[in-house]
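*Asks:* Structure for the following, please:
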Amino acid sequence: MSIIGFCTMRHILVAAEVLLCEFVFIYGYERRKKFWLRAVLAFLGVMLVAVGCGHLMSFTITGIEDGNYTVMSCICYFTTFLASVCGYFACYRIRARQLWFCAVSGYCMRQLIFCCYIFIITVLLPEFNLLNIEYTSWAAAGIYLFIYAALFALCFFIFVRPISRSRDYDVGVSVLVMFAVVLFVNVIVNAVSELYSQEHFQLYVIGLIIEIVCMTLILFVQTLLLDRLQLTHEKQIVNTILEQQEKQYKFAEVNAELLSIKAHDLKHQVAVLRAGGEEAEKLLRSIEDVTGAYDTVIKTDNTAVNIVISEKWMYCKAHGINLSCMLNADALGFMENIDVYSLLGNLLDNCIEAVEGLESAEQRVISCNIADHSGVVSVATKNYFSGELAIKDGLPQTSKSDKTSHGFGTRSIRRIVEKYGGSVYMSADDGIFNVNITFSR
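*Replies:* Numbers count the residues shown, from 1 in each chain. Here you go, the predicted model:
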C-alpha cells in the first residue's frame with residue numbers, strides 16, 4: 001500500500017471510530033428535520049476532512065522535522081474531531097454543553113479502545129498490526145474488527161449505559177473546560193508517542209498503559225459526576241413538590257374557610273330565599289359565584305390542562321388576580337399529561353408570584369395562550385412585574401437568597417420544552433415579563 005493510501009486509511013478509521021463512539025452518547029436526542037439527508041451530508045463531510053488530513057500527513061510524513069510532524073498530526077486529529085462535532089450538531093437538537101460532553105466522552109471511549117487495541121496487537125500479534133504499513137493485510141483487518149468489536153461492547157456496558165441513563169448532561173463550564181484540556185493534552189501525547197514508538201518501544205508500551213488508565217478514570221469520573229447531578233436534580237424535584245404541596249395546603253385552607261363561612265351563613269339565608277323577591281335574587285347570584293369556583297373553569301379534551309388551569313384560576317380568584325386564557329388545549333396532545341401539568345403549572349406559578357406583590361389591580365393580570373398555527377404549537381404567558389429582572393443564559397435570575405432551591409421552575413420549563421424539541425424565549429421589558437414557547441410538529 002502506498003504512503004498516501006495508508007495515511008488516508010488511518011485517518012478514515014480515526015474518523016469512523018470517533019463518529020461511532022460519539023454516536024452512542026448522542027443518539028437519544030431528538031433529530032432535526034430532514035435527518036437522513038443531514039446525516040449523509042455530515043458523514044460525507046467528516047470523511048472528506050479525514051481524506052484531506054490523510055493526504056496532508058502523507059505529504060509531510062517524510063523529510064520533515066519531528067516537531068513539525070507532531071504539530072501537523074495534532075492539527076489533523078483536532079480537525080477531524082471538530083468536524084465530527086459539527087456534523088452531530090447539524091443532525092440533532094442538542095445544546096452546546098451537552099454536545100461537548102458527549103463528544104469528549106466519545107473521544108475518551110475511542111482513545112481507550114484504540115490504546116487497548118494497540119497494546120494487544122503490539123504485545124501479542126505485532127505481525128497483524130493494521131496501523132503499521134508493513135503488516136497491512138485482510139487478515140490484519142479482520143483481527144482489527146474483532147478486537148474493536150469486543151472492546152466496544154465492553155466499554156458500552158461498563159461506561160455508556162450508566163452515563164446514558166441521564167440525557168441531561170448539564171455539567172458546569174469548569175468541568176467542560178477540564179475535559180477540553182484533557183482532550184488537548186491527550187492528542188499531543190498520542191502524537192508524540194506515535195512518533196517515537198519505534199525508537200523507545202518500552203516507553204511507548206508504558207505510555208499506552210498510562211493512557212488506558214487515564215481514559216478509564218475519566219470515564220468513571222464522568223459516570224460519578226452524572227450520578228451526582230441526577231441526585232441534585234432529584235433533590236430539586238422533591239423540594240419543588242414540597243413547595244407545591246405547601247401552596248396546595250394554603251389554597252385548601254382559603255377555600256375551606258370560605259366554605260365554612262358560607263355554610264354558617266346559609267341557615268340565615270334560607271329564610272331570605274324562601275321569601276323570594278330582589279334580596280333572594282342577590283343571594284342566589286352570590287351563591288353561584290362561590291360555587292362556580294369549584295366547577296371546572298376550562299372544559300377541554302385535555303385533562304391536564306383542565307386541572308392546572310382550574311387550580312390556578314381558583315387561586316387567582318381568591319387573591320384578586322385576573323387570569324385570562326385563550327386555549328387550544330388539543331394542540332398539546334403530543335405531550336404527556338404530567339409534562340403538560342408541570343409546564344403550565346410552573347409558567348403560571350411564576351406569573352402569580354410576580355403579580356401577587358403588585359398593588360395596582362390593573363397590573364394584577366396574567367394572560368395564558370395556547371395555539372396551533374399550521375403545525376407550530378405556541379404556549380405564551382405574559383404578566384407585569386416590579387423591580388429589575390436580569391436574563392442570563394435564556395433564563396431569569398432569581399432575586400431570592402437561596403439560589404439553589406429556587407429558579408428550578410424555569411429550568412424545569414426549559415427541560416420539558418427541550419424534551420419535545422421545542423424552544424423557549426423569555427424577555428423582560430417595560431415591566432412586562434413574556435414567555436414564548438414553540439414546538440414544531
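*Asks:* What ranges does the stretch 251-400 of the chain have for its strands?
*Replies:* 322-327, 365-373, 376-384, 391-392, 395-396 (DSSP state E, counting those that start in this stretch).
*Asks:* Worst mean pLDDT among the ones you listed?
*Replies:* The stretch with the lowest mean pLDDT among the strands of the stretch 251-400 of the chain is strand 391-392, which comes in at a mean of 70.
*Asks:* So for C316, what's the nearest residue that isn't a sequence neighbour?
*Replies:* On the basis of C-beta to C-beta, 6 or more residues apart in numbering, the spatially nearest residue to C316 that is not a chain neighbour turns out to be L323, at 4.3 Å. The C-beta positions use only the backbone N, C-alpha and C, and glycine is treated the same way.
*Asks:* I meant R110, not that one.
*Replies:* With C-beta to C-beta, 6+ apart as the measure, C21 is the residue that lies nearest to R110, at 4.1 Å, once sequence neighbours are left out.
*Asks:* Look up the pLDDT of the one you found for me, please.
*Replies:* Per-residue confidence at C21 stands at 90 (pLDDT).
*Asks:* Have a look at this protein and report the helix or strand with the lowest mean pLDDT.
*Replies:* In the chain, no helix or strand scores lower on mean pLDDT, DSSP states H and E than helix 278-292, which sits at a mean of 63.
*Asks:* The residue nearest to R110: how many residues sit nearby?
*Replies:* Look at C21: counted by other C-beta atoms under 10 Å, it has 26 neighbours.
*Asks:* Tell me how far it lies from L208.
*Replies:* Distance, C21 to L208, using C-beta to C-beta, to the nearest Å: 18 Å.
*Asks:* So which bits of stretch 72-83 are buried?
*Replies:* Buried residues in stretch 72-83, counted by 16 or more other C-beta atoms under 10 Å: 72-74, 76-77, 79-81, 83.
*Asks:* so who does F35 touch?
*Replies:* Counting by C-beta atoms under 8 Å, 6 or more residues apart in numbering, F35 makes contact with C91.
*Asks:* so what pLDDT did it get?
*Replies:* The confidence metric pLDDT takes the value 91 at F35.
*Asks:* now I309
*Replies:* The score at I309 is 85. That number is its pLDDT.
*Asks:* The protein - how does it break down into domains?
*Replies:* Following automatic domain parsing, one finds the domains of the chain at 3-231, 299-440.
*Asks:* low pLDDT regions in the stretch 151-300 of the chain?
*Replies:* Across the stretch 151-300 of the chain, residues meeting the criterion (pLDDT under 70) sit at 163-176, 179, 183, 186-201, 203, 230, 233-234, 236-281, 283-299.
*Asks:* do that again at 80, thanks
*Replies:* Low-confidence segments of the stretch 151-300 of the chain, defined by pLDDT under 80, span residues 161-208, 210-211, 221-300.
*Asks:* for the record, mean pLDDT for stretch 349-357?
*Replies:* When the per-residue pLDDT values of stretch 349-357 are averaged, the result is 89.
*Asks:* Neighbours of I26, how many?
*Replies:* Using other C-beta under 10 Å, I26 has 24 other residues around it.
*Asks:* which residue packs closest to it, ignoring adjacent ones?
*Replies:* Going by C-beta to C-beta, 6+ apart, I26 has C102 as its nearest residue, at 4.8 Å.
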